[in-house]
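[1] dropping a prediction and its sequence here:
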Amino acid sequence: MSTGIRFRLSFMMFLEFFVWGSWFVTLGTFLGTNLNATGAQIATAFSTQSLGAIIAPFIIGLIADRFFNAEKILGFLHLVGGGLMFYMYNSTAFAGFYPFLLVYMILFMPTLALVNSVSFNQMADPEKSFSGIRVWGTIGWIIAGASISYLFHWDSSENLAQGLLRNTFLMASIGSIILGVFSFFLPATPPKADKTQKLKISEILGFDAIKLLKDKNFAAFFASSILICIPLAFYYQNANPFLAEIGVADPTGKMTIGQVSEALFLLLLPLFFKRFGFKKTLLVGMVAWVVRYLLFAYGNAESGLPLLIVGIALHGICYDFFFVSGQIYTDSKAGAKFKSAAQGLITLATYGVGMLIGFYIAGIVADMYLLEDGTHIWQSIWLIPSGIALAVVIFFLIFFKEDSKKVSNLN
């Protein structure tokens, strides 16, 4: 791969996740402080990610894989997305904000697959080359969060009261438009599917891989993957509002510690996987969710701040040790015929169904522990996902037996 192509792909990844990180982390805080949204409304807003994840395979399978170059679709979706972000920036009520967010997420979620497609198309050996490109996405997310807290201070108590957090959508809008224009200068990635071949919806959604559930171990893993997304949704939806409400300084900037941790533990994952195997790796990831929420429950903005920082830093173990290792395990179990279908199925189940349920439950719980003064009983809120994660750990311990099959990707 030439230096020029490597730079373009890296900048594409940087902008992709800079745009997402510009507004997604602070969405719950924005909705609660700027639009006076209830917990149920905030849950509805976050669930647009799940709806986008469910619809995304149709956009990729029906359009990108068959008719148009991936980089051109990527450019079009981000240009439209930039316009939608600008409308969200100007919204003054949840009823006017939500429709734009819903359409935006339906258009944005397919771009996560498109940037991968554009990258893979330029790589002779993706296993060696992709991580060096993808890491720029994590850097983009970190810089977005750090800018909000340490450069612009939009999430400070004073600026929150003035409604300046809405500027995150303007920043995302500008970033999306830049990426939209830049996408048309990316390497050409033409469609590879045969337009004349009859298209199966079951293939697009990954349903052809459903026969893998006959394997008891995979079925236990599949069920655990859906269930663990319930506590995961609590983090995405409530972590930033929680930190802001209890008075933690620069909450968005501090949450970027989670992305730094994610990058570091991603490097350690292969070593851990080889030494301890899949079951122990997954268990560590799930137990980390239990511990993280206990730390959130008993931490505070003063003497308990180290507990919160450790809880945020556990994100690398929580995400990498369960979700990334789970993707690798799915790939190893699927075999050549069902590799793509299996990944599609697990993505649909987790980011689609699992997190849709999780956001709904998180919204109900947030409203249950809402006080008259607008604050929350956060200890009670965080103990619930901790308990759910513990139940998933027990379920997995009982029904998943150590798999003797080696994972080729890590050997």
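    Here it is on my side, so go on.

[2] tell me the buried residues in stretch 322-339?
    Within stretch 322-339, the residues that qualify as buried are 322-334, 338, counting by 16 or more other CB atoms under 10 Å. Any C-beta I mention is one placed from the backbone N, CA and C, and that applies to glycine too.

[3] tell me which helix or strand the closest residue to residue 47 other than its chain neighbours sits in.
    Among residues not flanking residue 47 along the chain, residue 359 sits closest, at 4.5 Å (CB to CB, 6 or more residues apart in numbering). Counting by DSSP states H and E, the element that carries residue 359 is helix 355-368.

[4] what does that helix rub up against?
    Contact with helix 355-368 is made by 38-44, 46-47, 49-51, 53-54, 226, 229-234, 236-238, 376, 381, 384-385, as judged by CB atoms under 8 Å, 6 or more residues apart in numbering.

[5] what subset of the residues you listed is buried?
    39, 41-44, 46-47, 49-50, 53-54, 226, 229-234, 236-238, 376, 381, 384-385.

[6] which ones among the residues you listed map onto helices?
    39, 41-44, 46-47, 49-50, 53-54, 226, 229-234, 236-238, 381, 384-385 (DSSP state H).

[7] where does the stretch 151-300 of the chain have low pLDDT?
    Counting by pLDDT under 70, the low-confidence segments of the stretch 151-300 of the chain come to 192-208.

[8] outline the domain layout of the chain.
    Listed by automatic domain parsing, the domain ranges of the chain are 1-199, 206-411.

[9] so how far is residue 171 from residue 293?
    Between residue 293 and residue 171 the computed distance is 30 Å (CB to CB, to the nearest Å).

[10] neighbour count winner among these two?
    Using other CB atoms under 10 Å, the more surrounded residue of residue 293 and residue 171 is residue 293, with 26 against 21.

[11] distance from stretch 250-261 to the middle of the chain?
    15 Å (CA atoms, centre = their mean, to the nearest Å).

[12] what does that stretch contact?
    21, 25-26, 29, 138, 141-142, 145-146, 148-150, 153, 155-156, 239-240, 243-244, 248, 308-309, 312-317.

[13] just the buried subset of the residues you listed, please.
    21, 25-26, 29, 138, 141-142, 145-146, 148-149, 153, 155-156, 239-240, 243-244, 248, 308, 312-317.

[14] among these, name the ones in helices.
    Assignment to helices by DSSP H places the following of the buried ones among the contacts of stretch 250-261 there: 21, 29, 138, 141-142, 145-146, 239-240, 243-244, 308, 312-313, 315-317.

[15] what residues sit buried inside stretch 212-232?
    Residues of stretch 212-232 classed as buried by neighbour count (16+ other CB under 10 Å): 212, 217-218, 220-232.

[16] try stretch 362-374
    Buried, per 16+ other CB under 10 Å, within stretch 362-374: 362, 363, 365, 366, 369, 370.

[17] could I get these as JSON lines with distance to residue 78 and pLDDT?
    Putting the buried residues of stretch 362-374 into JSON lines (distance: CB to CB, whole Å; pLDDT from 0 to 100) gives the following:
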{"residue": "362", "distance to residue 78": "29", "pLDDT": "95"}
{"residue": "363", "distance to residue 78": "29", "pLDDT": "95"}
{"residue": "365", "distance to residue 78": "34", "pLDDT": "96"}
{"residue": "366", "distance to residue 78": "31", "pLDDT": "95"}
{"residue": "369", "distance to residue 78": "38", "pLDDT": "96"}
{"residue": "370", "distance to residue 78": "36", "pLDDT": "95"}
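
[18] with respect to residue 285, which of these is nearest?
    Nearest to residue 285 out of the buried residues of stretch 362-374 is residue 362 (CB to CB; 19.6 Å).

[19] need the residues that contact stretch 158-176.
    Under CB under 8 Å, 6+ apart, the answer for stretch 158-176 is 15, 18-20, 22-23, 26, 29-30, 33-34, 78-79, 81-83, 85-86, 88-89, 144, 147-148, 152-155, 244.

[20] what about that stretch, how long is it end to end?
    28 Å (CA to CA, to the nearest Å).

[21] for it, buried residues please.
    Those would be 160, 164-173, 175-176, for stretch 158-176 by 16+ other CB under 10 Å.

[22] longest helix of this structure, counting residues only.
    Per DSSP H, the chain has its longest helix at helix 251-298.

[23] now that helix: how far from the chain's centre is it?
    On CA atoms, centre = their mean, the centre of helix 251-298 falls 15 Å from the chain's centre.

[24] which strands or helices does whichever helix or strand residue 11 is part of pack on?
    Under the criterion of DSSP H and E, residue 11 resides in helix 3-23. Contacting helix 3-23 under the criterion 3 or more CB pairs under 8 Å, 6 or more residues apart in numbering; DSSP states H and E are the following elements: helix 70-89, helix 94-120, helix 126-146, helix 167-183.

[25] ok, now with 7 Å
    Counting contacts by 3 or more CB pairs under 7 Å, 6 or more residues apart in numbering; DSSP states H and E, helix 3-23 is packed against helix 94-120, helix 126-146, helix 167-183.

[26] where does the second one sit relative to the chain's centre, distance-wise?
    It stands for helix 126-146. Counting by CA atoms, centre = their mean, helix 126-146 comes out at 14 Å from the chain centroid.

[27] also the longest one?
    Once both centres are worked out by CA atoms, centre = their mean, helix 94-120 turns out to sit 12 Å from its chain's centre.

[28] now the angle from that helix to helix 3-23?
    Counting by axes from the mean of the first three to the mean of the last three CA atoms, to 10 degrees, helix 94-120 lies at 160 degrees to helix 3-23.
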